[in-house]
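Colleague: Model the structure of this input:
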Amino acid sequence: MVSPYNTPTPPPAPPVPRPPDSRPLHKRVLMWVGGSGLFIAGALIAASGSDGQESVETRVKPATTITATVTATPEPAPTVTETVKTKTQPRPTVTVTKTAAAKAAASDSDSGSGGGSQDSVGTCSVVSNSGNCYSAGQFCRNSDHGATTTTAAGARIKCAFSAKAWRWTSI
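Modeller: This is a model prediction of the structure:
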């Protein structure tokens, strides 16, 4: 058995050239005569395209030239105004403390109820941000934790942790 992969392939045959005079002579002559005739017919049609009219030479008369010059004046640009805001300076905090004359105890039996608190009636050493005295049950500021003061009536109160919050409680 012969393997097709081992057999050499023959080289391709070269193309066969066309013989130089394969057309007859009378066809070649007819081609030249026909082409020349078409060329001459086209030239005659193009030359007679003027329809018998003669060309007229026109002369252009000089025309008046008007030149308009427009000078544009620019409009004024908008004025930019910058507003400067002044920064306010922090002012000092004013704390008003009211002092009242202490009332003298009328008798010794009264001293047992107040425990000597009657000496500071009307004086609050710790006041709220609005300048009022605190009363028992109100919430304390963080800066007042553990402080002691008096109410407007003169009862002593202390800022202590009570009921899951810092409150002013009676002493």
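Colleague: name the helices or strands packed onto the longest helix belonging to the chain?
Modeller: Determined from DSSP state H, the single longest helix within the chain is helix 25-47. Of the remaining helices and strands, none touches helix 25-47 by 3 or more C-beta pairs under 8 Å, 6 or more residues apart in numbering; DSSP states H and E. Every residue, glycine included, has its C-beta placed from N, CA and C.
Colleague: Any idea what the spatially closest residue to Tyr134 that is not a sequence neighbour is bridged to?
Modeller: Once flanking residues are discounted, Tyr134 sits nearest to Trp168: 4.9 Å by C-beta to C-beta, 6 or more residues apart in numbering. The bridge-partner assignment for Trp168, based on DSSP bridges, gives Cys159.
Colleague: number of nearby residues for Trp168?
Modeller: 23 (other C-beta atoms under 10 Å).
Colleague: likewise the one 3 residues further on?
Modeller: By the criterion of other C-beta under 10 Å, Ile171 has 12 neighbours.
Colleague: on that earlier part again, what distance separates the longest helix of the chain from the middle of the whole chain?
Modeller: 78 Å (C-alpha atoms, centre = their mean, to the nearest Å).
Colleague: Settle this for me: the residue nearest to Tyr134 is touching Lys158, isn't it.
Modeller: Yes: counting by C-beta atoms under 8 Å, Lys158 is a contact partner of Trp168 at 7.2 Å.
Colleague: What pLDDT is listed against Thr73?
Modeller: Note on Thr73: pLDDT of 82.
Colleague: Now for this protein, the helix or strand with the poorest mean pLDDT.
Modeller: Sorted by mean pLDDT, DSSP states H and E, the helices and strands of the chain end with helix 111-114, the least confident at a mean of 39.
Colleague: Which helix or strand lies directly C-terminal to that helix?
Modeller: On the C-terminal side of helix 111-114, the closest following helix or strand by DSSP states H and E is strand 148-150.
Colleague: Run me through the strand neighbours of that following strand, direction for each.
Modeller: If you go by DSSP bridges, strand 148-150 pairs up with strand 156-162 (antiparallel).
Colleague: could you give me the average pLDDT of the partner strand?
Modeller: pLDDT averaged over strand 156-162 gives 93.
Colleague: Stretch 131-151 now?
Modeller: Stretch 131-151 comes out at a mean pLDDT of 92.
Colleague: now do stretch 39-53
Modeller: 78.
Colleague: Now do the contacts for the residue nearest to Tyr134.
Modeller: Tyr134, Ser135, Ala136, Gly137, Gln138, Phe139, Cys140, Ile157, Lys158, Cys159 (C-beta atoms under 8 Å, 6 or more residues apart in numbering).
Colleague: All set now, cheers.
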